[in-house]
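Chemist: Give the three-dimensional model of this entry:
(one chain, ligands or ions: 2)
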Amino acid sequence: MDDLRCPRCGEEDELLGEPRDGTIVVTCEACATEWERDLTPRCPTCGTDDVRVAFQAIVEKSRGTQLSMSSVRRLYLCPTCDAEKLAVYQVSNRPLPPDELPTETDD
Ligand SMILES: [Zn+2]
Ligand SMILES: [Zn+2]
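Modeler: Ligands and ions are numbered 1, 2, ... in the order given. Take a look at the predicted model:
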């Protein structure tokens, strides 16, 4: 899911990320270009950086049928593209259910 690539030669694999001064400096091992990684979260659909932080549950199936919430991950919701999800999240005030759970798909 990481579309990090060298802005000069387009290398995607031989990249070295290194935390420096509160940001991430990426070095391309193919052409030695260094650049600061843009850590601003953006909506992958419309590109806005006006996104909201939300948390989503990561659920592991334990023995039997019991589902246990093992942890949460951070994700960003776009007020435009993820409006529905964001509304649910803000009302429920708890982590969003994981994507893997069966949901209605009649859209
Ligand atoms: Zn490069
Ligand atoms: Zn969006």
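
Chemist: buried stuff in stretch 35-51?
Modeler: 41, 43, 51 (16 or more other Cβ atoms under 10 Å). Backbone N, C-alpha and C define where each C-beta goes, glycine included.

Chemist: what are the pairing partners of the helix or strand bottoming out on mean pLDDT in the chain, and which direction each?
Modeler: Least confident helix or strand of the chain, by mean pLDDT, DSSP states H and E, is strand 67-77 with a mean of 81. When pairs are called by DSSP bridges, strand 67-77 turns out to pair with strand 52-61 (antiparallel).

Chemist: What does the pLDDT read for the closest residue to P97 other than its chain neighbours?
Modeler: Computed as Cβ to Cβ, 6 or more residues apart in numbering, the closest residue to P97 that is not its neighbour in sequence is A57, at 6.1 Å. At A57, the model reports a pLDDT of 89.

Chemist: what do you get for T48?
Modeler: 92.

Chemist: same check, this time on G22
Modeler: For G22, pLDDT reads 76.

Chemist: What of the one 10 residues further on?
Modeler: Among the per-residue scores, A32 holds a pLDDT of 96.

Chemist: Quick check: phi and psi on it?
Modeler: phi 70, psi 20 (degrees, to the nearest 10).

Chemist: got the angle for the host helix or strand of K85 vs strand 52-61?
Modeler: Element membership of K85 [criterion: DSSP states H and E] is helix 83-92. Computed with axes from the mean of the first three to the mean of the last three Cα atoms, to 10 degrees, the direction of helix 83-92 lies at 80 degrees from that of strand 52-61.

Chemist: Give me the contacts around helix 83-92.
Modeler: 52, 54, 77-79, 96 (Cβ atoms under 8 Å, 6 or more residues apart in numbering).
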